[in-house]
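Chemist: Sequence and predicted structure are below.
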Amino acid sequence: MKIPVHLNALRAFEASARHQSFSAAAAELNVTPAAVGQLVRTLEDWLGTPLFHRTAGGRARLTPTEAAEHALPDIRAGFDRLGLGLERLREGSLNGLLTVTVSPAFAAKWLLPRIDRFQTACPDTDVRLDTNLKAVDFLSQRIDIGVRYGMGSWPGLTAEKLMDEEVYPVCSPELLRETGRLKNPADLAHETLIHDLSMDGHAEFPTWAAWLHKAGVANPSGSRGMKINNSAAVLQAAAEGHGIALARSIMARDDLLSGRLVRLFGEISFASPLAYYVVYRADCSGLPRIRTFRDWLMQEVQSDRA
């Protein structure tokens, strides 16, 4: 059925019915009450029937007719579908907003130092970072893509491995210069250890106790020392000489290259069972902005390895 009535008239009718007021509908639609009233009358004239019972006084001066009440659910569903269609059109473009979820530490230590390169390559895409330690709902919170650290499985999301990492002790260069300190892993028993609690409770997250066991330290406790729930702050504390941190290689890379931190006992290799993954909803995998950002992340990792 062809509907010659402008969508604005239907929108005015729906808002007026919901608020039971032309004035309230006008405030929502950012027009005058007279304009809303005229749009509704245009719709009534086209239909040949009134849509509201109008009264001069009382709280409900504008109440939908029975026929209008029956039609409203379908009209509202239609507007919802139109909104979804427009969102699909928006998502199908490189222009607009791209919402990316990452942990605060990953944003600070890896993504933010590189994000200018993405903005230069895609100047029409505006990136909004959602930094959260907890997993977020991509659909309800309108997240486009993210990077998560874990075993590679999150319900409702496609996950592609971005990069693996090692864990190893690091400290400030000044601390290492002190004579007689940190000649072998057993010397860590006399040092302040800095613990990363950013994924406290994850059974596979590498701990000091696990690293000390791998290093062959007898009866390693690895539980005392300073505890911090942010991986970037863990590295900051180590760089300032507050102790020895068990660093995650992806987070520590730039600090090691700049000389702010020094790796200890490089002969001991300890691969983390956890890795970084690019995650997104499977039904959004073909959207240009998501695909472009995913490809850019992969290229950045390849550049680091070169």
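Modeler: That came through fine. Numbering: from 1, shown residues only.

Chemist: and Val217, helix, strand or coil?
Modeler: Following DSSP: H, G, I helix; E, B strand; the rest coil, Val217 is assigned to coil.

Chemist: isn't it right next to Leu188, touching?
Modeler: Yes: contact criterion C-beta atoms under 8 Å: Val217 and Leu188 qualify, at 7.1 Å. C-beta here means a position set from N, CA and C on the backbone, and glycine is covered the same way.

Chemist: higher neighbour count, these two?
Modeler: Leu188 (23 against 19; other C-beta atoms under 10 Å).

Chemist: remind me which residues of the stretch 201-306 of the chain are low pLDDT?
Modeler: Residues of the stretch 201-306 of the chain meeting the criterion pLDDT under 70: 220-223, 306.

Chemist: Okay, helices next: where are they in it?
Modeler: 208-214, 231-239, 249-258, 288-305 (DSSP state H, counting those that start in this stretch).

Chemist: which stretch among those comes nearest Pro50?
Modeler: Evaluated over those, closeness to Pro50 peaks at helix 288-305, with 46.6 Å, by C-beta to C-beta.

Chemist: centre of the chain versus the closest one, how much separation?
Modeler: Centroid separation between helix 288-305 and its chain, computed with C-alpha atoms, centre = their mean, to the nearest Å, is 17 Å.

Chemist: Could you list every helix and strand that that helix packs against?
Modeler: Here helix 288-305 touches strand 96-102, helix 115-121, strand 125-131, strand 145-150, strand 158-163, strand 275-280, going by 3 or more C-beta pairs under 8 Å, 6 or more residues apart in numbering; DSSP states H and E.

Chemist: TSV please, covering the ones you listed and showing distance to His53 and mean neighbour count.
Modeler: Output for the helices and strands packed on helix 288-305, formatted as TSV (distance: least, C-beta to C-beta, whole Å; neighbours: other C-beta atoms under 10 Å):
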stretch	distance to His53	mean neighbour count
strand 96-102	43	19
helix 115-121	55	13
strand 125-131	46	15
strand 145-150	50	22
strand 158-163	52	16
strand 275-280	50	22
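
Chemist: Quick check: closest non-adjacent residue to Leu193.
Modeler: Spatially, and ignoring its direct neighbours in sequence, Leu193 is nearest to Gly225 (3.6 Å; C-beta to C-beta, 6 or more residues apart in numbering).
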